[in-house]
Structures are given as structure tokens and as C-alpha cells.
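> Let me see the structure of the following:
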Amino acid sequence: MNKTRALTLCAVMAALSIALMFLGSVLEVLDLCTVMLASFCTLFVFIRLGGSYAWTMYAVTGVLALLLLPSKGVALEYVLFGGYYPILRVLVARAGRVPAFLIKLLAFNGALTGLLLLFRFLFVAVETSLALDIATYLLANVAFVLYDYALGRVSFLMLYRIRPRFGRSK
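Residues are numbered from 1 along each chain as shown. Reported below is the predicted structural model:
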């Protein structure tokens, strides 16, 4: 694939990611869902074009999300976790099943802690209980494991079902 086509594909996927996150920004109930759907766009670029294009798309989408979206929470969710996670997932898969899972879990919990601290101290100064924090971490980790499984299944679909039909570029 020549550079013009690759750049066009990245731009279209970045625009789709911004549109999805804008929907999540307007309908605040869908904020996490749209961030995860936007991460599938990053995964598609990574599988189709490789790491440098995917990192560039993540950076451009993150900056545009922070500038354009009305809800900065959605943009922060994308920047702190959703945007780079599909790339990280593929890169740490080489470490083995258990170490890769631990690294992914550590990255997620670090991002979750950063998001919670940002939301709590920067945006809304609300006192919360320890029980609520524990419940948040437990439910978020269950959701993360489901998301990681879904991302693995979509990766498999893209690699072995969709990619051969459109030709291999990398």
C-alpha cells in the first residue's frame, strides 16, 4: 500500500474514532462503549498498516479528541487507555500468556487510577467511600477482561478473515 493510501486510511479511521467519541460525549451513558469502539479503529490500522501508523493515528485522534469533544472525560479515557491499548496488547503478547495478562492488567489499573484521580480532584471534588472504590475497581476489572477477550476475537477476525480478502499490506 502506498503512503497516500495509508495516510488516507489513517485519516478516515481517526475521523471515525472522533465521530464515535463525539457520540459518547453527547450521550454520556455511552462514553466507555464509544471509547472501546474507537480503539477497534486503532486495532484495524495496526493490523493493516503497522505500528508507526497506529501510534500516529492514536496521537492525532487523542489531540483532536481533547480539542474538539465537548466532554473531556471521553477524550481522557481514550488518551489514558483506549487509544493505545490495542497496540500494547499486541506488543506484550510476545511475553507469554501469564506475563502479558499481568502487564495488561497493570496498565489498565494504572490508567483507571489515573482517571479516577483526575475525575475526583480535577473535575469534581466529591468524597467517596472505600467500598465504592473497591466496587469500582472490581467491576472495571471484570469489564476489562471482557473487553480484552472481545479485542482478541476481533483481532483474530481481522487477521484471518478480513485481511486476506483485502490483500496484505504489511
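> Which residue lies nearest the spatial centre of this structure?
Ranked by distance to the mean C-alpha position of the chain (C-alpha atoms, centre = their mean), the top residue is residue 82 at 2.0 Å.
> And the pLDDT at that residue?
Among the per-residue scores, residue 82 shows a pLDDT of 87.
> what's the answer for residue 126, then?
66.
> How about the one 3 residues further on?
As predicted, residue 129 sits at a pLDDT of 76.
> repeat for residue 136
86.
> Which neighbouring elements make contact with the host helix or strand of it?
Using DSSP states H and E, residue 136 maps to helix 130-157. Counting contacts by 3 or more C-beta pairs under 8 Å, 6 or more residues apart in numbering; DSSP states H and E, helix 130-157 packs against helix 31-49, helix 85-92, helix 97-117. Just so you know, the C-beta spots here come from the backbone N, C-alpha and C atoms, and that holds for glycine as well.
> one step back: which residues touch the residue nearest to the centre of the chain?
35, 36, 38, 39 (C-beta atoms under 8 Å, 6 or more residues apart in numbering).
> swap the cut-off to 6 Å and go again
Counting by C-beta atoms under 6 Å, 6 or more residues apart in numbering, residue 82 touches 35, 39.
> Check residue 58 too.
42, 83, 84.
> starting at the chain centroid, how far to the helix holding residue 136?
12 Å (C-alpha atoms, centre = their mean, to the nearest Å).
> Go through that helix and flag the buried ones.
140, 144, 147, 148, 151, 154, 155 (16 or more other C-beta atoms under 10 Å).
> cool, stretch 93-113 as well?
93, 100, 103, 104, 107, 108, 111, 112.
> so where is this protein shaky, pLDDT-wise?
Residue ranges of the chain with pLDDT under 70: 1, 123-127, 163-170.
> one more time with 80, if that's ok
Segments of the chain classed as low confidence (criterion: pLDDT under 80) are 1, 119-130, 160-170.
> just so I know, which of the helices and strands packed on helix 130-157 lies nearest residue 160?
With C-beta to C-beta as the measure, helix 31-49 is the member of the helices and strands packed on helix 130-157 nearest residue 160 (10.5 Å).
> could the helices and strands packed on helix 130-157 go into TSV alongside distance to residue 60?
As requested, those are exported to TSV (distance: least, C-beta to C-beta, whole Å):
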stretch	distance to residue 60
helix 31-49	11
helix 85-92	14
helix 97-117	20
